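A.B. asks: Dropping the sequence and predicted coords here.
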Amino acid sequence: MTHANQQKSRAEQNLINRNIKIPQSEYDLRRQRLVDQLPEGSVVILPGAVIRYRNNDADYAFRQDSDFYYLTGFAEEEAWLVLTSGRKGADSHLFCLPKDRAQETWTGFRVGQEQAIAEYNMSCAYTLDQLDNRLPELIDGAQHLFYPMQGDDALSRRIQDWCQQLRQKARSGAVAPEQHHNVLPLIHELRLIKSDAELVIMRHAAEISAEAHCKAMQVCEPEMMEYQLEAEYLYHFMRSGSRAPAYNTIVGGGANGCVLHYVENNQPLNAGDLVLIDAGCELQHYAADITRTFPVSGRFSPEQSALYQVVLEAQYAAIDQVQVGLDCHAPHRAALNVLCQGLLDLGLLGGTLDEVVESESYRRFYMHGTSHWLGLDVHDAGRYKIEGQSRPLQVGMVLTIEPGLYIAPDDDSVDVCWRGIGIRIEDNVIVTEQGPEVITTGVPKNIAEIEALMAGEGIAISA
Ligand SMILES: [Mn+2]
């Protein structure tokens, strides 16, 4: 088991990061797997992400589109991937920015067409300015066009435009593809099952994120600002080789922990309160997603610990349900039963367990789901239901288990001692043949272990 408060040396960390890379052959295989599912005479068109401006001349840090990255490993802005299937098998065409000495002096290295072919195994690579000329040629004669259909009107207009150009040349033999399909569900189904190489990266992202949570527990003290605790995470992520958090870090002290997507993080942490932190790093485009809730001054009060114990037991019960063949909502149902029984036992809800579950009276205290897929996106791709039925868990799926309880500060239906307590405990779990593999065990979640770590005792963490 991981030691909670052990930081890797810089050299150790760099070595790990260098050694965990997805081989290019895996990206080739993914493109082939996608094309293999398509009918004869199909073309896939997939644009990558573009740079977004934050304000004048200052852009947001560029992050490649997850689907594009999944199929290429190519992380440059403004690129397009075109896959053609046909007699010759799958061909990959990449459109990307040209090499340009002057431009590269300003905005940095570009891969260029030659290296795109050599290093990214593309059949052909073109400069971006060739897109409007080449695309009609590439889709000429195909029957089926697959591209992202998710309300990107500019993309559909451009594609319609290319098709229209072909229709106008019908007399010279050009044929426009008339059957258009959404490519995203196909890519998303592939993304849902992680390869061994992906799991290696995800385990490491989880480990770095868990270490950051340990650090936060160790440095947390009353009067600290929420953003100062956030800073500990960002520092640890970056020093460990992650360039950014996978999502906006949530640091909610006291009742702010009841705001599910609280990101202001600008209030002082008060002695006697809990602090809820939802934070995970992104490593090589893969997300970790961990939540821990701990007492600002290092000791849980009786009410905090009573509620915490309910959430913790709900979490253990949910993790137990991460088994091949069980449906993907089994963890939620298990968590719900424990949470509801706990709320009944503590007198926060009335009635019987069945009544509480049936009437959803628990929703006042637990209003979100227990799991989501995890991968290139923190809320990762892949359907949860197939034909109305929750899908069975399969080996290689990765999901979060994150039950919580949130007692609003103004909820006068409960005794004042419970109000303003927000608790969530979230781990990341791989579905394996041998049962659930929790990859975020590097940070404690049992009350005694958290209190010991916060008291400065170095301890080994139990799973
Ligand atoms: Mn989550």
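C.D. replies: Thanks, I have it.
A.B. asks: Just confirm V395 is within a strand.
C.D. replies: No: when DSSP: H, G, I helix; E, B strand; the rest coil is applied, V395 is found to be coil, with no strand at that position.
A.B. asks: what residues are up against it?
C.D. replies: Applying C-beta atoms under 8 Å, 6 or more residues apart in numbering, one finds that V395 lies in contact with 193, 324, 431-433. In short, each C-beta sits where N, CA and C put it, glycine included.
A.B. asks: residues in contact with the helix or strand containing F95?
C.D. replies: With secondary structure defined by DSSP states H and E, F95 is part of strand 91-96. Residues external to strand 91-96 that are found in contact with it (C-beta under 8 Å, 6+ apart): 28, 31, 72, 74, 76, 78-85, 110-113, 116, 120-128, 130-131, 134, 138.
A.B. asks: swap in stretch 403-415?
C.D. replies: Contacts for stretch 403-415 (C-beta under 8 Å, 6+ apart): 255, 257-258, 260, 291, 307, 310-311, 314-315, 318, 335, 338-339, 342-343, 347-348, 364-368, 370, 418-425.
A.B. asks: Report the next helix or strand after the strand holding F95 in sequence order.
C.D. replies: Toward the C-terminal end, the helix or strand that comes next after strand 91-96 (DSSP H and E) is helix 101-107.
A.B. asks: what residue of the protein is the furthest out?
C.D. replies: Of all residues in the chain, R171 has its C-alpha farthest from the mean position, at 49.0 Å, by C-alpha atoms, centre = their mean.
A.B. asks: before we move on, what SS does it have?
C.D. replies: Secondary structure assignment for R171 (three-state DSSP): helix.
A.B. asks: mind checking how far it is from A317?
C.D. replies: Relative to A317, R171 is positioned 68 Å away (C-beta to C-beta, to the nearest Å).
A.B. asks: And Q130, by the same measure?
C.D. replies: According to C-beta to C-beta, Q130 stands 57 Å off from A317.
A.B. asks: of these two, who's got more company?
C.D. replies: A317 (19 against 14; other C-beta atoms under 10 Å).
A.B. asks: List the residues that contact the residue nearest to that one when sequence neighbours are not counted.
C.D. replies: Nearest-residue entry for A317: A334, 4.3 Å, with adjacent residues in sequence omitted and distances by C-beta to C-beta, 6 or more residues apart in numbering. When the contact criterion is C-beta under 8 Å, 6+ apart, the partners of A334 are 314, 317-318, 320-321.
A.B. asks: Enumerate the residues of the stretch 251-400 of the chain near the ion.
C.D. replies: Applying C-beta under 5 Å from the ion, one finds that the stretch 251-400 of the chain approaches the ion through 289, 400.
A.B. asks: Find the centremost residue of this protein, please.
C.D. replies: The centre of the chain sits closest to V378, judged by C-alpha atoms, centre = their mean, with a distance of 1.4 Å.
A.B. asks: which ones are touching that one?
C.D. replies: Applying C-beta under 8 Å, 6+ apart to V378 gives the contacts 246-247, 280, 287, 289, 372.
A.B. asks: what's the answer for T72, then?
C.D. replies: Counting by C-beta under 8 Å, 6+ apart, T72 makes contact with 27, 31, 48, 79, 81, 92, 94, 120.
A.B. asks: Could I get the contacting residues of the closest residue to D129 other than its chain neighbours?
C.D. replies: If you skip the residues right next to it in sequence, D129 has P98 as its closest partner in space, 7.7 Å away by C-beta to C-beta, 6+ apart. By C-beta under 8 Å, 6+ apart, the contact list for P98 reads 110, 112-113, 127-129.
A.B. asks: Adding pLDDT and distance to the ion, write the residues you listed out as TSV.
C.D. replies: Converted to TSV, these look like this (pLDDT from 0 to 100; distance: C-beta to the ion, whole Å):
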residue	pLDDT	distance to the ion
R110	94	35
G112	94	38
Q113	95	39
T127	97	40
L128	95	36
D129	95	41
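A.B. asks: top of the residues you listed by neighbour count?
C.D. replies: When neighbours are counted by other C-beta under 10 Å, Q113 leads the contacts of P98 with 20 neighbours.
A.B. asks: For that one, which three-state class applies?
C.D. replies: Taking three-state DSSP as the rule, one finds Q113 in the helix state.
A.B. asks: correct me, but it touches A125?
C.D. replies: Yes: in this structure Q113 lies within contact range of A125 using C-beta atoms under 8 Å: 3.9 Å.
A.B. asks: so where does L399 fall, helix or strand?
C.D. replies: Taking DSSP H and E as the definition, one finds L399 inside strand 398-401.
A.B. asks: now swap in G342 and tell me
C.D. replies: Counting by DSSP H and E, the secondary-structure element that holds G342 is helix 330-345.
A.B. asks: can you list contacts of the next helix or strand after that helix?
C.D. replies: Next helix or strand after helix 330-345 toward the C-terminus (DSSP H and E): helix 353-359. In this structure, residues lying in contact with helix 353-359 by C-beta under 8 Å, 6+ apart are 336-337, 340-341, 343-344, 349, 351, 361-362.
A.B. asks: Show the average pLDDT along stretch 360-377.
C.D. replies: Rounded to a whole number, the mean pLDDT of stretch 360-377 is 97.
A.B. asks: Equivalent analysis for stretch 131-151, please.
C.D. replies: Confidence for stretch 131-151, expressed as mean pLDDT, is 94.
A.B. asks: Can you give the contact residues for it?
C.D. replies: 38-47, 67, 80, 82, 84, 93, 95, 126, 155-156, 159, 162-163, 165-166, 174-184, 186.
A.B. asks: Identify the residue nearest F68 in space, chain neighbours excluded?
C.D. replies: Spatially, and ignoring its direct neighbours in sequence, F68 is nearest to G48 (4.0 Å; C-beta to C-beta, 6+ apart).
A.B. asks: What of V356?
C.D. replies: Spatially, and ignoring its direct neighbours in sequence, V356 is nearest to C340 (4.5 Å; C-beta to C-beta, 6+ apart).
A.B. asks: which residues in the chain form helices?
C.D. replies: Here the chain has its helices, by DSSP state H, at 10-19, 24-36, 66-72, 101-107, 112-120, 131-139, 153-168, 184-192, 196-219, 226-239, 302-320, 330-345, 353-359, 447-454.
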